[in-house]
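K.L.:
Below: sequence and its predicted model.
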Protein chains: 2
Amino acid sequence: MLKYALLGFLNYRSLSGYDLKGIIDTSTRHFWHADLSQIYKTLKALESDGLIASVVEANDDRPDRRVYTITDSGRADLQQWLSTPLDEMTPLKETLLLKVFFSAETDPVRVLAMLHRQRDLHQRALERYRGQTLADIEQNAALTGAAPIHAVFWDATRRAGELYEEMYIRWLDETIERIEQLIR
Amino acid sequence: MLKYALLGFLNYRSLSGYDLKGIIDTSTRHFWHADLSQIYKTLKALESDGLIASVVEANDDRPDRRVYTITDSGRADLQQWLSTPLDEMTPLKETLLLKVFFSAETDPVRVLAMLHRQRDLHQRALERYRGQTLADIEQNAALTGAAPIHAVFWDATRRAGELYEEMYIRWLDETIERIEQLIR
DNA sequence: TTTGCATATAGGCATTTGCATATACTATAC
DNA sequence: GTATAGTATATGCAAATGCCTATATGCAAA
């Protein structure tokens, strides 16, 4: 799936692996992330499949960069994926819920401390989403080479992050309350 | 992490891999899932680490079962994990958001159809969570060998699922509305 | 002056995951 | 009578993921 994140951005303009890491970290990180080595590996695989092509750009003051460009074949693959509707729900993996599930016999004070800590983290994440305006996103899209229309869709994913964090905080508050009642 | 799901259930009572698959599917599936082959592999690894031990139970009418029991070492490992507070947010991977992110140039009618389909799926999931009462969960806990206190924590994870699906449906409705406005 | 950070690419390795396949018996449905 | 579903375990293989390490330069801060 990282494949399509990379093709998606390369469809806007040519980029290096390092560029892609930066772009993913500032735009899709909350629903799709990857570390640098995984990005480099995936780019290499995409090139050997003929979906992208690379040129090494020599630099004097900075390290040389390998810049990737999407091919016609890559564009076709991306369009194919985009036009195929997703008809399943993506399964979640939430470590916190797994821990809470088995926490009945753990010291409730420790469990509560963990939930408060999580609340802080999610509160900060929520503030980041709220602080990001449509203007910020439009500017981001322009930098990435995407047309203004894309900003609407990018903002939809930002909104998903905002709603997710609001929901998460509400769940944490409810759960903290329930555990406090247990020990009261 | 599947390791701890398995140890967690085996801490209640001895179970086979097949049993564990069934239990995971009915209780932790929405925040931690695994297919059968992964469960068997992980059990084998846990046994070779001395955290669980197995005995083959011969059956006449049904296939033989390999029943796993947690060891003292396994219990210690589980307690260790449970008492270590989680101090990061679990990163998400949401295929739908990735697709929406890059959908600005896809036929909006197709995008809308996909979102409506997703709405159906999430609505059905929401109804499943709402239909599950605390009594159901208590019964489930009893079957699994867990003390009644555990039901409170299990219900907290059910509630997380309910809130998640409500949030998801709300986001889908908002996003459908925004895309409809674009093409109007 | 040294430490660390930003830029830039890449290999190595272990773990996790997903998916397919094989085997085998029983019970139920058509 | 036959097909399918449920019970039960296990292997093989490929892909994805995560984390660590190596290399190299320039720049800014401590």
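P.N.:
Alright, I've got the coordinates.
K.L.:
can you give me how far the lowest-mean-pLDDT helix or strand in chain A is from the chain middle?
P.N.:
Lowest on mean pLDDT, DSSP states H and E among the helices and strands of chain A sits helix A:134-144, with a mean of 90. Centroid displacement of helix A:134-144 relative to its chain, using CA atoms, centre = their mean, to the nearest Å, is 16 Å.
K.L.:
cool, stretch A:27-47 as well?
P.N.:
11 Å.
K.L.:
which residues touch that stretch?
P.N.:
Under the contact criterion CB atoms under 8 Å, 6 or more residues apart in numbering or on different chains, stretch A:27-47 has outside partners A:1-3, A:5-7, A:17-18, A:20-21, A:24-25, A:52-54, A:68, A:74, A:125, A:140, A:144, A:154, A:157, A:160-161, A:164, B:91-94, B:97-98, B:101. (C-beta placed from N, C-alpha, C; glycine too.)
K.L.:
Could you list the buried residues of that stretch?
P.N.:
Using 16 or more other CB atoms under 10 Å in any protein chain shown as the test for burial, stretch A:27-47 gives A:27-28, A:30-34, A:39-40, A:42-43, A:46-47.
K.L.:
And stretch A:124-143, by the same measure?
P.N.:
Of the residues in stretch A:124-143, A:Ala125, A:Leu126, A:Tyr129, A:Gln132, A:Ile137, A:Glu138, A:Asn140, A:Ala141 count as buried by neighbour count, 16+ other CB under 10 Å.
K.L.:
Is any residue of it near DNA strand C?
P.N.:
No. Shown here: stretch A:124-143 not in contact with DNA strand C (CB under 7 Å from any atom of the strand), separated by at least 13.0 Å.
K.L.:
What would that stretch look like as PDB? C-alpha coordinates only.
P.N.:
Provided in PDB are the C-alpha atoms of stretch A:124-143 (Å, rounded to 0.1, in the frame of the first residue of the first chain):
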ATOM      1  CA  ARG A 124      -1.800  17.400  21.700                       C
ATOM      2  CA  ALA A 125      -2.600  15.500  18.500                       C
ATOM      3  CA  LEU A 126      -6.100  17.000  18.400                       C
ATOM      4  CA  GLU A 127      -4.600  20.500  18.800                       C
ATOM      5  CA  ARG A 128      -2.300  19.900  15.800                       C
ATOM      6  CA  TYR A 129      -5.300  18.900  13.600                       C
ATOM      7  CA  ARG A 130      -7.300  21.900  14.700                       C
ATOM      8  CA  GLY A 131      -4.400  24.300  14.100                       C
ATOM      9  CA  GLN A 132      -4.100  23.200  10.500                       C
ATOM     10  CA  THR A 133      -6.200  25.500   8.400                       C
ATOM     11  CA  LEU A 134      -7.400  24.900   4.800                       C
ATOM     12  CA  ALA A 135      -4.900  27.700   3.800                       C
ATOM     13  CA  ASP A 136      -2.000  25.600   5.300                       C
ATOM     14  CA  ILE A 137      -3.200  22.600   3.400                       C
ATOM     15  CA  GLU A 138      -3.500  24.500   0.100                       C
ATOM     16  CA  GLN A 139       0.000  25.800   0.500                       C
ATOM     17  CA  ASN A 140       1.200  22.300   1.200                       C
ATOM     18  CA  ALA A 141      -0.500  21.000  -1.900                       C
ATOM     19  CA  ALA A 142       1.000  23.800  -4.000                       C
ATOM     20  CA  LEU A 143       4.500  22.900  -2.600                       C
END
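K.L.:
Now the phi/psi pair for the spatially most central residue of chain A, please.
P.N.:
Nearest to the mean C-alpha position of chain A, by CA atoms, centre = their mean, lies A:Arg29 at 2.3 Å. The phi/psi pair for A:Arg29 (degrees, to the nearest 10) reads phi -50, psi -40.
K.L.:
Going along the chain, name the strands of chain A.
P.N.:
With DSSP state E as the criterion, chain A has strands at A:15-16, A:52-57, A:65-70.
K.L.:
Any residue of the first one touching chain B?
P.N.:
No. No part of strand A:15-16 sits near chain B under the criterion CB under 8 Å from any CB of the partner chain; the closest distance found is 14.7 Å.
K.L.:
which strands and helices sit next to that strand?
P.N.:
strand A:65-70 (3 or more CB pairs under 8 Å, 6 or more residues apart in numbering or on different chains; DSSP states H and E).
K.L.:
what is the rounded mean pLDDT of the strand it packs on?
P.N.:
What strand A:65-70 shows for mean pLDDT is 96.
K.L.:
residues in contact with A:Glu166?
P.N.:
A:Leu126, B:Met167.
K.L.:
What degree of burial does the closest residue to A:Ala146 other than its chain neighbours show, as a neighbour count?
P.N.:
Nearest residue to A:Ala146, sequence neighbours excluded (CB to CB, 6 or more residues apart in numbering or on different chains): A:Tyr12, at 4.8 Å. Using other CB atoms under 10 Å in any protein chain shown, A:Tyr12 has 17 other residues around it.
K.L.:
got the residues of chain A near DNA strand D?
P.N.:
So chain A meets DNA strand D at A:1-3, A:33-38, A:41-42, A:45, A:61-63 (CB under 7 Å from any atom of the strand).
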